[in-house]
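# test case, fold it:
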Amino acid sequence: MALCNFHNTLLSSSSSSSYSSSFSPLSPFLKPPNALRFFTKFSTSPFSLRALNSSNNDNPTGESAGGEAGQRRISEQSSWEAKDSEGRDYLYRLGKEADNMNIAVGARAGIIDDLFVGNFLGRDSDIVFDYRQKVTRSFEYLQGDYYIAPVFMDKVVCHIVKNYIAHLLNTKVPLILGIWGGKGQGKSFQTELIFQAMGIEPVIMSAGELESERAGEPGKLIRERYRTASQVVQNQGKMSCLMINDIDAGIGRFGNTQVTVNNQIAVGTLMNLSDNPTRVSIGQDWRETDITNRVPIIVTGNDFSTIYAPLIRDGRMDKFYWQPTHEDIINIVDRMYEKDGISRDAVVRIVDTFPNQALDFYGALRSRTYDRSISKWVDDIGGVENLGNKLLRRRKDEKLPVFVPPKQTIDALLESGYSLIKEQQLIMETKLSKEYMKNIDD
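Presented below is the predicted three-dimensional model:
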């Protein structure tokens, strides 16, 4: 009678007929065609000892006792050769995924083969570190002390926290926060200040990325950016979110403008993310283990009535209308002019002199006061004729003349303000398009 152990050794004795009876093709212990090959190999000897799975110590050359070369493993513990339930290894599944964006794969010790993990890079090397740094925003350029409106901060912080603890809440939490309001009111800038205060490293998109010459590309980009924000949470241990600026300019419908396939796909992608924030596909096969971390989405715009209504419904988008009060404007502008030595009373006078203006008006007002100083600095470096040589083709050891910023006074700021108001009125009153095209409708 034969004694079999298919994982270690097979010891059989008796005659060749015992093999044919014990290991017939119909035997439940061995399925064809393996049984037929086994029978033809061992039926010629009355007594044989074979090692089906020999260790590297017993057979370092990777060959069987009969001289036949066996399959050689890359390493003792190789995840590349690990089989799933269908018998497919990791490389097969990775190659099957169309446009694979599995940025969680890195050279980590104990995860992939030691052949690909070198000590010169450290035991853990992230192969996509540079990629994430290009996509995410860190806000090192925001230097100084800025004012954040308390109402604005409460709304953004509450939305972010609700999404990160959504699994603990017994309620439906909208994934998207839509911040809308007048132009130049500081929606994006205030949000970035909150990100910096909270230590959030967001992924930021613009409306210009919501259209492409290839159908489906913007929707895929939204999903990729969302998964990137999720990977920031998983791999770096930092809070992250996806922010889309001026979304109504990208997917809004204005008058008789044409709606493209990409507009529809982008809207459908955002709706799907709102309904399934933890299952995000970028083209590969669905896997039960592919769970994406839920990260909030924040969008800004001027008029959300131009956006597809099912996207902005209450279950998917939490809407927040931002219109800074008179006190908010004074506090923001006061913090803006604080380093120039402008008193709060002077700021109140400036704001009252130019009412009903957006916040960016007061920033442009301060920037206009630099014009005369810049003109004087251009003359100091040799005039406009030598401007290109001085700025771009100077020697490394050659330094530019020191730029002296102008001293800010309330009279200079008011003068700049009146100049900006005059330009605004000229644009609204002088409509040259009607002069050039007589048949244009009002």
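# name the nearest residue to Asp303, ignoring sequence neighbours.
Asp248 (5.6 Å; C-beta to C-beta, 6 or more residues apart in numbering). (C-beta placed from N, C-alpha, C; glycine too.)
# strands of this structure, residue ranges please.
For the chain, the strands defined by DSSP state E cover 3-4, 9-12, 48-51, 107-108, 124-125, 176-180, 203-206, 242-245, 297-301, 317-321.
# how many neighbours does Asp275 have?
Applying other C-beta atoms under 10 Å, we find 11 residues neighbouring Asp275.
# what about it, distance to Val295?
Distance, Asp275 to Val295, using C-beta to C-beta, to the nearest Å: 15 Å.
# related to what we said a few turns ago, count of neighbours near the residue nearest to Asp303?
Considering only other C-beta under 10 Å, Asp248 is surrounded by 20 other residues.
# who's in contact with it?
Neighbouring residues of Asp248 by C-beta atoms under 8 Å, 6 or more residues apart in numbering: Trp180, Ala207, Gly301, Asn302, Asp303, Phe304, Thr306, Ile307.
# same thing but at 10 Å, please
By C-beta atoms under 10 Å, 6 or more residues apart in numbering, the contact list for Asp248 reads 178, 180, 207, 254, 299-307.
# show me what contacts the residue nearest to Ile148 when sequence neighbours are not counted?
Excluding its sequence neighbours, the residue lying closest to Ile148 (C-beta to C-beta, 6+ apart) is Leu193, at 5.2 Å. Shown in contact with Leu193 (C-beta under 10 Å, 6+ apart): Phe139, Leu142, Tyr146, Tyr147, Ile148, Ala149, Phe152, Met153, Val156, Gly186.
# I'd say Ile204 and Ser188 touch.
Yes. If you go by C-beta atoms under 10 Å, Ile204 and Ser188 touch, sitting 8.8 Å apart.
# any idea how far the nearest residue to Thr136 once chain neighbours are set aside is from Gly383?
Among residues not flanking Thr136 along the chain, Glu201 sits closest, at 4.8 Å (C-beta to C-beta, 6+ apart). Glu201 sits 45 Å away from Gly383, going by C-beta to C-beta.
# higher neighbour count, those two?
Using other C-beta under 10 Å as the criterion, Glu201 and Gly383 rank with Glu201 on top: 22 against 10.
# quick check: the more buried one touching Leu242?
No. Taking contacts as C-beta under 10 Å, Glu201 lies outside contact range of Leu242: 11.5 Å.
# shared neighbours, these two?
Shared contacts of Glu201 and Leu242, counting by C-beta under 10 Å, 6+ apart, come down to Ala229.
# which helix in this structure runs the most residues?
Using DSSP state H, we find that the single longest helix of the chain is helix 410-429.
# so what's the residue nearest to Arg316 when sequence neighbours are not counted up against?
Take Arg316 and drop its neighbours on the chain: the residue closest to it by C-beta to C-beta, 6+ apart is Ser274, 3.9 Å away. Listed by C-beta under 10 Å, 6+ apart, the contact set of Ser274 reads Pro174, Leu175, Ile176, Ile297, Pro310, Leu311, Arg313, Gly315, Arg316, Met317.
# the spatially closest residue to Glu217 that is not a sequence neighbour and Arg88, how far apart?
With C-beta to C-beta, 6+ apart as the criterion, Glu217 has its nearest non-adjacent residue at 7.0 Å, and that residue is Asn262. Distance of Asn262 to Arg88, given as C-beta to C-beta: 34 Å.
# repeat that for Val259.
Taking C-beta to C-beta, one finds Val259 at 42 Å from Arg88.
# same thing with Glu213?
Glu213 is 36 Å from Arg88, by C-beta to C-beta.
# so the two - more neighbours on which side?
Legend: neighbour count by other C-beta under 10 Å for Glu213 and Arg88, higher for Arg88 (12 against 6).
# state the pLDDT value of the more buried one.
Listed pLDDT for Arg88 reads 74.
# Provide a list of residues in contact with the residue nearest to Ile265 when sequence neighbours are not counted.
Closest residue to Ile265 apart from its sequence neighbours, by C-beta to C-beta, 6+ apart: Gly219 at 3.9 Å. Gly219 is in contact with 210, 212, 261-270, 272, 282, counting by C-beta under 10 Å, 6+ apart.
# re the thing from before, from the contact counts, what lies against the longest helix of the chain?
helix 344-353, helix 359-368, helix 371-380 (3 or more C-beta pairs under 10 Å, 6 or more residues apart in numbering; DSSP states H and E).
# which of those comes out lowest on mean pLDDT?
Minimum mean pLDDT among the helices and strands packed on helix 410-429: helix 371-380, a mean of 88.
# so which bits of that helix are buried?
Using 16 or more other C-beta atoms under 10 Å as the test for burial, helix 371-380 gives Val378.
# show me what that helix is packed up against.
helix 387-392, helix 410-429.
# just name the most buried of these.
helix 410-429 (a mean of 13; mean count of other C-beta atoms under 10 Å).
# sketch out the low-pLDDT regions of the stretch 51-200 of the chain for me.
Along the stretch 51-200 of the chain, segments meeting pLDDT under 70 span 51-82, 90-135, 137, 139-144.
# apply 90 and report the result again.
51-146, 170 (pLDDT under 90).
# which residues touch Ser188?
Residues in contact with Ser188 (C-beta under 10 Å, 6+ apart) are Ile179, Ile204, Ser206, Met243, Asn245, Asp246, Ile298, Thr300.
# buried subset of these?
So, by 16+ other C-beta under 10 Å, the buried ones in the contacts of Ser188 are Ile179, Ile204, Met243, Asn245, Asp246, Ile298, Thr300.
# as CSV, the contacts of Ser188 with distance to Val233 would be great.
Shown next, in CSV, are the contacts of Ser188 (distance: C-beta to C-beta, whole Å):
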residue, distance to Val233
Ile179, 22
Ile204, 16
Ser206, 22
Met243, 15
Asn245, 21
Asp246, 25
Ile298, 15
Thr300, 22
